[in-house]
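> model the following, please.
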Amino acid sequence: MTTTTLAVLVPLLPFLGAAAGLLLGRTAPGFVRPLAVLPTLAALVLAVLVVARQGGGGAIDAVTELTPTGSVPVELALHIDGFAALVAVLVGTVATCVQIYSTGYLRDDPRYASYAALVSLFTSAMFLVVYSGDLMVLLVGWEVMGICSYFLVGHYWETPEARAASLKAFLVTKLGDVPFLIGLLALATEAGSFRITKILGAVASGSLDHPTLIALLLLAGVAGKSAQFPLHTWLPDAMAGPTPVSALIHAATMVAAGVYFVARLLPLFEASRAAMVVLAVMAAVTMVGSALAALAQDDIKRVLAYSTIGQLGYMTGALATGDRGAAVFHLLSHGAFKALLFLAAGLIIHAAGTNSLAAMSRMRGLRDRVPDAYWTMTVALLALAAIPPFSGFFSKESVLGAAEHVATGHTGHAPGAAGWTVLVAGLITALLTAAYATRLWLLAFRGRGAEAPDHGRQPLAMNAVLWALAIPSLALGGLTFRLLPDWFDDQALTPTLTTSVLGTGVALVGGIVTYAAWRHTTALAARTPLGAVAAHPEGDAGLVEAEAIASHRPAYGDLASAPDPSDPGRLLLGPVHRHAAAGFHLDAVYTALLVRPVRAGASLVRFLDREVVDTYVRAAGALPRLLGAAVRRAQTGNVQTYVSALLAGTVVLAVAAVLVATGA
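You can find the predicted model right below:
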């Protein structure tokens, strides 16, 4: 079987699994779980075979014209270089883990069949984005992911939070997709093709007339899909969906698509220094702002959501320095430990009796009750904080190293201002990342909140997935920068001394200061008695999560009466805490700038329609009605009246005729 055939089967198998799952979900429910897991697992195996055959060498290209258009052709094309091959393996790995995990997490969910089918379709769409060599075909996968996220985030559609979150995710990403589509059309018009290879050739030859405008239009779509400032507000709210969906979206599919797209077309963005500076500023604001917001969140999934936004900021920052190797390297390592963090959070959700709207400050006694989540999440948090030798250290340091090279003038791929912006913001974010990672670990596993009754050991499938993801979270970074330099444009990904010392130093400072603040607040909180906790209902994690969201309270009892007063976030942020917890009120800004004007405009249109347009319509109908009423009054049925009127008319006509004749 040729490599091209294998690559075609990779997105096709999950698509067929999704179609079969939807068709057989009601008639043959016993096939739902195999149809969810096996096609995705088979796609992963084929993606690994593609990696083995591609080998980090020259790109694999195959193309056939999809349909004659008469102008710019749309082609069904594959373009598989080292980046595409490795990202596809990441997508397949995380999707397979999510499907296996979901068989336990949502084992009693009545809508599991549609959920599993949508996850498979989501996976297929991301594979299409990764392997596509034609931007119009890539757009198909891009938009399919958008509609899948709408349905999956709104899986618990009975709850207002899930419905609002799904609509927000869809609309905010579409807000970026409109200029994104315009940019794609403009790019294809100037390059004469949607083919990635031809577009890159046109960029290299200087054939594009408006690279800055096109790059900025495309960045709008990237900001929406990859949750970058200012279109990032949908991602924290998307935590209302099932936890495995959060792992899939954050680690390997939707939010990774924007970063991957820029990496694919990086020479286009490098052709515009203004676009690179805009990308750097967007990354810097995203990194620092999301890290501050994460330090103020009380819900464990929202902390991880803001963490994802910040780590994506690192990736876009690496792209702003012209180093797509560092960006994709961090994309791969982040995919492993972020999937682990979310899936471990799913176990905590079950054991702690909380949900996507509950708080870490109400957790207690989880270390002994969920040892698998404790140990694996500890590994993932160390990777997130970029502590050596965990994977996040190597990939994050590659980003900081790339920024340092640009800032010090060792490379001319990007403006020096972009390098300094990314470097300073990256170091500040490293400090804050270690702080909120330490805070999450302390509150979740050493918290003083009210202890929920033990819900028992989690299903084997869920625990096994955590340990499977812990391996790359621990070892992926070291293996990648030593063994796979050819896959990253022959770039040396070895951490540099300066950024390693600075990055690790500020991370250690952030962790130590947070621990000291926690000890201080714990000492003060020791005098505060904890409230009693009610017993919790039985049920699997997915149903518990849905029920808890629907009732607007923590699951397994009223834990709100006994929060943990030892949260160090308030002490560390001080007066900024309130604003950071609200995401710096960006939603309120959008409401003032966009929502209210649109509503005011709609009210004006409604007024004009009812009071002006309808008035003319009613007036146009009133005149014939008045004439008809006058005619009805004349129809009396009296013969004498009719004869009198006839004689009067005859007289009038005779007089008129005489006057006309006289005048002639």
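> neighbours of the closest residue in space to residue 126 that isn't next to it in sequence, just the number please.
Counting by Cβ to Cβ, 6 or more residues apart in numbering, residue 126 lies nearest to residue 253, which is 4.3 Å off, once chain neighbours are set aside. Glycine gets a C-beta too; all of them are placed from N, C-alpha and C. The local packing of residue 253 (other Cβ atoms under 10 Å) involves 29 other residues.
> give me the pLDDT for residue 253.
The model reports residue 253 with a pLDDT of 86.
> one more: residue 508?
Predicted confidence (pLDDT) for residue 508: 96.
> just checking, it touches residue 435?
No - the pair residue 508 / residue 435 is not scored as a contact, 10.9 Å apart, by Cβ atoms under 8 Å.
> residue at max distance from the center of this structure?
In terms of distance from the mean C-alpha position of the chain, residue 662 ranks first, at 90.3 Å (Cα atoms, centre = their mean).
> tell me the spacing between that residue and residue 655.
11 Å (Cβ to Cβ, to the nearest Å).
> likewise for residue 23?
Distance, residue 23 to residue 655, using Cβ to Cβ: 87 Å.
> okay, these two: which has more neighbours?
Using other Cβ under 10 Å as the criterion, residue 23 and residue 655 rank with residue 23 on top: 14 against 10.
> now the more buried one: how far from residue 41?
For residue 23 relative to residue 41 (Cβ to Cβ), the value is 20 Å.
> who's more crowded, residue 508 and residue 435?
Taking other Cβ under 10 Å, residue 508 and residue 435 do not tie; residue 435 has more neighbours (29 against 15).
> which residue packs closest to the more buried one, ignoring adjacent ones?
residue 510 (4.0 Å).
> so which strand or helix has the one you found?
Assessed by DSSP states H and E, residue 510 sits inside helix 497-525.
> buried residues in that helix?
Judged by neighbour count using 16 or more other Cβ atoms under 10 Å, the buried positions of helix 497-525 are 499-500, 502-504, 506-507, 510-511, 513-515, 517-518, 521-522, 525.
> where exactly do the strands run in this structure?
Using DSSP state E, the strands of the chain run over 60-67, 74-80.
> could you say which of those strands is packed most deeply?
strand 74-80 (a mean of 21; mean count of other Cβ atoms under 10 Å).
> run the angle between that strand and strand 60-67 for me.
Here strand 74-80 runs at an angle of 170 degrees relative to strand 60-67 (axes from the mean of the first three to the mean of the last three Cα atoms, to 10 degrees).
> hey, C-alpha coordinates of strand 74-80 in PDB?
Extracted in PDB, the C-alpha atoms of strand 74-80 (Å, rounded to 0.1, in the frame of the first residue of the first chain):
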ATOM      1  CA  VAL A  74      -9.800  23.500  -6.300                       C
ATOM      2  CA  GLU A  75      -7.700  20.300  -5.900                       C
ATOM      3  CA  LEU A  76      -7.800  17.300  -3.600                       C
ATOM      4  CA  ALA A  77      -4.200  17.500  -2.600                       C
ATOM      5  CA  LEU A  78      -2.000  16.000   0.100                       C
ATOM      6  CA  HIS A  79       1.100  17.700   1.400                       C
ATOM      7  CA  ILE A  80       2.800  15.700   4.100                       C
END
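> pLDDT weak spots in the stretch 301-450 of the chain?
The model of the stretch 301-450 of the chain has pLDDT under 70 over residues 351-358, 365, 412, 448-450.
> with the chain instead?
Residue ranges of the chain with pLDDT under 70: 351-358, 365, 412, 448-457, 476-486, 488-492, 525-565, 664.
> longest helix in this structure, by residue count?
The longest helix of the chain (DSSP state H) is helix 160-191.
> in that helix, what counts as buried?
Applying a neighbour-count criterion of 16+ other Cβ under 10 Å, the buried positions in helix 160-191 are 161-162, 165-166, 168-170, 172-173, 175-177, 179-188, 190-191.
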